[in-house]
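Visitor: Quick one, what's the 3D model for this:
(one chain, ligands or ions: 2)
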Amino acid sequence: MTKQRRMIREIIDSADGHPTAEEIFVAARKRIPNIARGTVYRNLAIMEEEGEVGKVVFPSAPARYDKTGIRHGHLVCGKCGRMTDLPSDGLTDYLKDVTEGPVLDYRLTVYTVCEKCRKKSDG
Ligand SMILES: [Zn+2]
Ligand SMILES: [Zn+2]
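Guide: Ligands and ions are numbered 1, 2, ... in the order given. Next comes the predicted model:
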């Protein structure tokens with residue numbers, strides 16, 4: 001594993017939630033000031049291909065990276081955009097039940113209002 005790749009891994013692991021490629025690049029530049037954007041993006045693509053990290057794609061927002069390549073759903077706050085993992089316990093079993101076949105892949109994003117934003121609107 002290259003030094004850059006190990007560093008990107010560390011950035012994703014220590015990130016709060018799901019960073020975008022650009023956020024990962026900004027964090028990487030703090031450690032290696034002359035690192036190229038292309039290096040970060042290329043490494044992310046390889047890591048995703050190898051299943052080391054996950055990539056969550058949105059129709060109208062930049063993709064976000066995930067600590068794990070293991071499929072799971074997400075909760076996204078419709079107000080602040082905060083994204084958290086949806087516990088997948090039971091979900092895969094449920095999907096297997098309803099599809100009556102192998103579950104090859106799924107992408108599940110549930111839009112909600114996070115606790116912070118709920119508290120804010122309560123006053
Ligand atoms: Zn929120
Ligand atoms: Zn996730």
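
Visitor: what's the burial count for the nearest residue to residue 102 once chain neighbours are set aside?
Guide: Leaving aside its sequence neighbours, residue 102 sits nearest to residue 96 (C-beta to C-beta, 6 or more residues apart in numbering; 7.6 Å). The C-beta positions use only the backbone N, C-alpha and C, and glycine is treated the same way. Residue 96 is flanked by 12 other residues according to other C-beta atoms under 10 Å.

Visitor: Dihedrals phi and psi, residue 96?
Guide: phi -60, psi -40 (degrees, to the nearest 10).

Visitor: these two touch, right, it and residue 103?
Guide: Yes: counting by C-beta atoms under 8 Å, residue 96 does reach residue 103; the two are 5.5 Å apart.

Visitor: so where's the protein uncertain?
Guide: Where the chain drops to pLDDT under 70, the residues are 122-123.

Visitor: Around ligand 1, pick out the residues from it.
Guide: The interface of the chain toward ligand 1, taken as C-beta under 5 Å from the ion, is made up of 77, 79, 80, 82, 114, 117.

Visitor: I appreciate the help and will end here.
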